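Q: Give the three-dimensional model of this entry:
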Amino acid sequence: MSSIDKVLARIDANLDNSLDRLFDLLKIKSISTDPAFKAPCREAAEWLAKELNDIGFEASVRDTTGHPMVVGHRKSGKPGPHVLFYGHYDVQPVDPLNLWKRDPFDPAIETKPDGSKIIVARGSADDKGQLMTFVEAARAYLEETGDLPLDVTILFEGEEESGSPSLHPFLDANKDELTCDLALVCDTGMWDAETPAISIMLRGMVGDEVIVKAASRDLHSGSYGGSAQNPNHIIASIIAGLHDENGKVTLPGFYDGVIDMPEEVTRMWDELGFSVEEFLGDVGLKYPRGEKDRMPLEHLWTRPTVEVNGMWGGYQGAGSKTVIPSEAHAKFTFRLVGDQDPDKIQEAFRAYVRSKVPADCTVDFIAKDGSPALRLDFAMPALEKGKKALKAEWGKDVALTGMGGSIPIVGDFKRKLGMDSLLIGFGLEDDQIHSPNEKYNLTSFHKGIRSWARVLDELAKD
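A: As a prediction, this is how the structure comes out:
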């Protein structure tokens, strides 16, 4: 029996113990955004550091200006890449608590009507269950063979769910220690419950809040209507002009840097059988929008967008108040792809907005920090090895997917530490992360552990 087969057998034999350890971590109320849970956040960090030390890592809790980081190393000097595994131990608040079917920090295994089993608890999928798949894979390797097949550094963060305010300074201060050949990130998902996925691109983002001001005070619409500028109308005109009749964004230069995917990738996406009707039907909609000449998955993964996230102005209370408001607001975000430049997009947007504001009105902007999009090199050897490892475990070709949102740490790894990231996760669309009754499939946890063991084995090969 090969070494990897022995490791996989140990994973299977140790599953109950692995679940016990996961449940111990899930019981810790590590809600990073609420100062009342500062002590549980440290407890979670200390718990993880102890687990890593117990299985043979040199691990420690590192203080920051916020919640602590956990850093662990296992170096044997073996040939092959030195990898950095990243996860986060903090979780979202549980509100509204009344919608939970059980205590969110009292984890349990439940059986669904189809017979499948799920782990129910806050953090089960995001991200404690995911990060523990890697820890348990490393444990099995060390227990079975006495070592890992390559050098591994682990970084666990405690502020991912609250904006990671301490992360940038920590990466800057510890750049030499944390820079490796490749980052492994397990905060993503599968294509479906039976099809593994590797995320190969993340959209970037930039945003702005627009404040248009007209008269010096709110005006009586009977006295001034038809004569005085109405900031709500100006905001509406700005929004209406952002797209043409085919769904394209009208800003000059907006599509500079947008890259079309290789034909083999779009062909693979077409074969995934994505149903936009089912996708929208789940949220009570029927008809897709976006660029009319693009397939639905392109809309979600590889095409840039602009969305209005909020708009307000004038009377907001019950009943009617016949005023022309003195000012109006709107919040916009742009999802970016390819080589689009966040600064140039923001400049183009502001120039457009100013062109729509009458001379006797003013406009102010409140910027939202931007970040460019990221994508993997399709020829990256680690990508091929990851695909091979996942296919061996799941028995299906890997779906190379995009992500409509972003994972800021991946950009930080690339821009600050010069590392590409291999994004492999085992979450599912119905895991209800950030919502009541969060769950993680037992299969995702079990086969996730096995998958990471296989990935480590493949990455160590020449």
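Q: okay, CA-based contacts and neighbour counts for the rest of this
A: OK.
Q: ok, now how distant is Asp16 from Arg10?
A: Relative to Arg10, Asp16 is positioned 11 Å away (Cα to Cα, to the nearest Å).
Q: same check, this time on Gly87
A: Counting by Cα to Cα, the gap from Gly87 to Arg10 is 23 Å.
Q: just Pro35 next, same as before
A: Taken as Cα to Cα, the span from Pro35 to Arg10 is 40 Å.
Q: Specify which residue of Gly87 and Arg10 has the higher count of neighbours.
A: Gly87 (25 against 18; other Cα atoms under 10 Å).
Q: Is the more buried one located within a helix, as I assumed?
A: No: if the criterion is DSSP: H, G, I helix; E, B strand; the rest coil, then Gly87 is strand and not within a helix.
Q: Assign a three-state SS to the residue nearest to it when sequence neighbours are not counted, would you?
A: Nearest residue to Gly87, sequence neighbours excluded (Cα to Cα, 6 or more residues apart in numbering): Phe156, at 5.0 Å. Three-state secondary structure (criterion: three-state DSSP) places Phe156 in strand.
Q: beta partners for Phe156?
A: For Phe156, the beta-bridge partners are Val70, Gly87 (DSSP bridges).
Q: you'd agree it is up against His73?
A: No: judged on Cα atoms under 8 Å, Phe156 makes no contact with His73 at a distance of 12.0 Å.
Q: middle-most residue in the protein, spatially?
A: Nearest to the mean C-alpha position of the chain, by Cα atoms, centre = their mean, lies Ile407 at 4.1 Å.
Q: can you tell me how far the closest residue to Glu160 other than its chain neighbours sits from Phe254?
A: Among residues not flanking Glu160 along the chain, His88 sits closest, at 6.3 Å (Cα to Cα, 6+ apart). Distance from His88 to Phe254, counting by Cα to Cα: 34 Å.
Q: Tell me which of these two has more neighbours.
A: His88 (24 against 20).
Q: and the gap between the more buried one and Gly290?
A: In terms of Cα to Cα, His88 sits 34 Å off from Gly290.
Q: I'd like to know how many residues surround the nearest residue to Gly338 once chain neighbours are set aside.
A: Among residues not flanking Gly338 along the chain, Val258 sits closest, at 4.9 Å (Cα to Cα, 6+ apart). The local packing of Val258 (other Cα under 10 Å) involves 16 other residues.
Q: Now that we're looking at Val258, what pLDDT does it have?
A: pLDDT, Val258: 95.
Q: show me the contacts for it.
A: 303-304, 337-340 (Cα atoms under 8 Å, 6 or more residues apart in numbering).
Q: Helix, strand or coil: sort out the most far-flung residue of the chain relative to its centre for me.
A: Going by Cα atoms, centre = their mean, the residue of the chain most distant from its centre is Ser223, 50.7 Å out. Here Ser223 is helix, with the state taken from three-state DSSP.
Q: Look up how far Thr322 lies from it.
A: Taken as Cα to Cα, the span from Ser223 to Thr322 is 10 Å.
Q: ok, now Lys414?
A: For Lys414, the distance to Thr322 - Cα to Cα - is 53 Å.
Q: Helix or strand: which one has Thr333?
A: Assessed by DSSP states H and E, Thr333 sits inside strand 327-336.
Q: what comes up buried for that strand?
A: Neighbour-count burial for strand 327-336, with 16 or more other Cα atoms under 10 Å as criterion, is recorded at 327-336.
Q: Among these, which one lies nearest to Lys78?
A: Leu336 (39.3 Å; Cα to Cα).
Q: give me the beta-bridge partners of that closest one?
A: Gly204.
Q: shouldn't it be in contact with Pro372?
A: Yes: in this structure Leu336 lies within contact range of Pro372 using Cα under 8 Å: 6.6 Å.
Q: low pLDDT regions in the stretch 51-200 of the chain?
A: The stretch 51-200 of the chain contains no residues with pLDDT under 70.
Q: can you give me the strands in it?
A: Using DSSP state E, counting those that start in this stretch, the strands found in the stretch 51-200 of the chain span residues 58-62, 69-74, 83-88, 108-111, 117-120, 152-157, 182-185, 197-202.
Q: Before we move on, what's the pLDDT of the residue farthest from the centre of the chain?
A: Value listed for Ser223 in the pLDDT field: 96.
Q: Over to the one 10 residues further on?
A: Taken from the predicted model, the pLDDT recorded for His233 is 98.
Q: For Phe365, see how far away it is.
A: 18 Å.
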